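Chemist: The sequence isn't on hand, but the structure is:
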């Protein structure tokens, strides 16, 4: 079916702009006078139409000082308005809107909209599920890290400052990206969202501690982000791991 007038399908039901209808019907009365007369036939705002204001451009491309009023009409209202005109154009567009309505309410169109809605809901659920998985993974590591230490060695190490992955990587002349990839390839950690977490086997050893930081986002609101830091015990674990692979910190290379 050839489109005779622009129809908006983004809302729950198709709508037509009042000024577009006024133009294609070739009504001579100015729109601001014509539309209120149409409303006198019993149409109700927010039921049959919605009022919308917009800034318009002059011929020279500058904004007009006043706001232009337009309206979004339901297909039912558009059909009746066409019938009220009692002109060939009115008859033509009334028939066109009847066909639009038939197409919109056809089983195929209804099924397509239902499928689109179902896909949108599925995508939303998937996104929510990914967020929950990330939250649970962080919480699981935090629970493991909060378990009381039983050895004096652990107690001593916990008194030392925590250290970031980038700081440890710097000891070896490497970047944090390199270090994270190395630990991932060794099966020590995995990435959940934008945070690296230890696999359960290593998370119970007291190698890391997660901290939540607050920051002001570009939207002006306060947000939080979780970072993983290494304990001194974890630092020694990485040292032994890398030493076994022949990778030494720079200070030991310089002393050799």
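Modeler: Received, thanks. Just so it is clear, the model here is predicted, and its values are computed rather than measured.
Chemist: Lowest-scoring secondary structure element of this structure by mean pLDDT?
Modeler: helix 152-158 (a mean of 42; mean pLDDT, DSSP states H and E).
Chemist: who touches the closest residue to residue 8 other than its chain neighbours in this structure?
Modeler: With sequence-adjacent residues excluded and distances taken as C-beta to C-beta, 6 or more residues apart in numbering, residue 8 is closest to residue 15, at 4.8 Å. Every C-beta, even on glycine, is put in place using the N, C-alpha and C of the backbone. Listed by C-beta atoms under 8 Å, 6 or more residues apart in numbering, the contact partners of residue 15 are 7-8, 50, 72-75.
Chemist: what separates residue 15 from residue 6, distance-wise?
Modeler: To residue 6, residue 15 is 10 Å away according to C-beta to C-beta, to the nearest Å.
Chemist: try residue 188
Modeler: Going from residue 188 to residue 6 by C-beta to C-beta gives 59 Å.
Chemist: Looking at the two, which one has more neighbours?
Modeler: residue 188 (20 against 10; other C-beta atoms under 10 Å).
Chemist: For the stretch 1-150 of the chain, which segments count as strands?
Modeler: All strands of the stretch 1-150 of the chain, identified by DSSP state E, counting those that start in this stretch, fall at 15-17, 49-57, 63-74.
Chemist: Nearest to residue 199 among these would be which one?
Modeler: Closest approach to residue 199 among these is made by strand 15-17 (54.4 Å; C-beta to C-beta).
Chemist: give me the beta-bridge partners of residue 192?
Modeler: Taking DSSP bridges as the rule, residue 192 bridges to residue 195.
Chemist: Off-centre distance for stretch 219-237?
Modeler: 25 Å (C-alpha atoms, centre = their mean, to the nearest Å).
Chemist: Same check on stretch 174-193?
Modeler: For stretch 174-193, the distance to the chain centre is 27 Å (C-alpha atoms, centre = their mean).
Chemist: got it, and stretch 244-254?
Modeler: Offset of stretch 244-254 from its chain centre (C-alpha atoms, centre = their mean): 45 Å.
Chemist: thought residue 71 was touching residue 21?
Modeler: No. Assessed by C-beta atoms under 8 Å, residue 71 is found out of contact with residue 21, at 9.1 Å.
Chemist: now the helices for the stretch 101-250 of the chain?
Modeler: For the stretch 101-250 of the chain, helices defined by DSSP state H, counting those that start in this stretch occupy the ranges 107-145, 152-158, 165-171, 176-185, 200-203, 232-244, 250-255.
Chemist: Ok, which of the ones you listed comes nearest residue 94?
Modeler: helix 107-145 (20.5 Å).
Chemist: Check which helices and strands the closest one is in contact with.
Modeler: strand 189-192, strand 195-198, helix 200-203, strand 208-216 (3 or more C-beta pairs under 8 Å, 6 or more residues apart in numbering; DSSP states H and E).
Chemist: could the ones you listed go into a markdown table alongside mean pLDDT, distance to residue 111 and mean neighbour count?
Modeler: Shown next, in a markdown table, are these (pLDDT from 0 to 100; distance: least, C-beta to C-beta, whole Å; neighbours: other C-beta atoms under 10 Å):
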| stretch | mean pLDDT | distance to residue 111 | mean neighbour count |
| --- | --- | --- | --- |
| strand 189-192 | 90 | 38 | 16 |
| strand 195-198 | 90 | 42 | 20 |
| helix 200-203 | 89 | 46 | 14 |
| strand 208-216 | 76 | 46 | 12 |
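Chemist: In JSON lines: the ones you listed, plus distance to residue 175.
Modeler: Shown next, in JSON lines, are those (distance: least, C-beta to C-beta, whole Å):
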{"stretch": "strand 189-192", "distance to residue 175": "16"}
{"stretch": "strand 195-198", "distance to residue 175": "14"}
{"stretch": "helix 200-203", "distance to residue 175": "22"}
{"stretch": "strand 208-216", "distance to residue 175": "19"}
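Chemist: Quick check: which of those is nearest to residue 161?
Modeler: strand 208-216 (10.6 Å).
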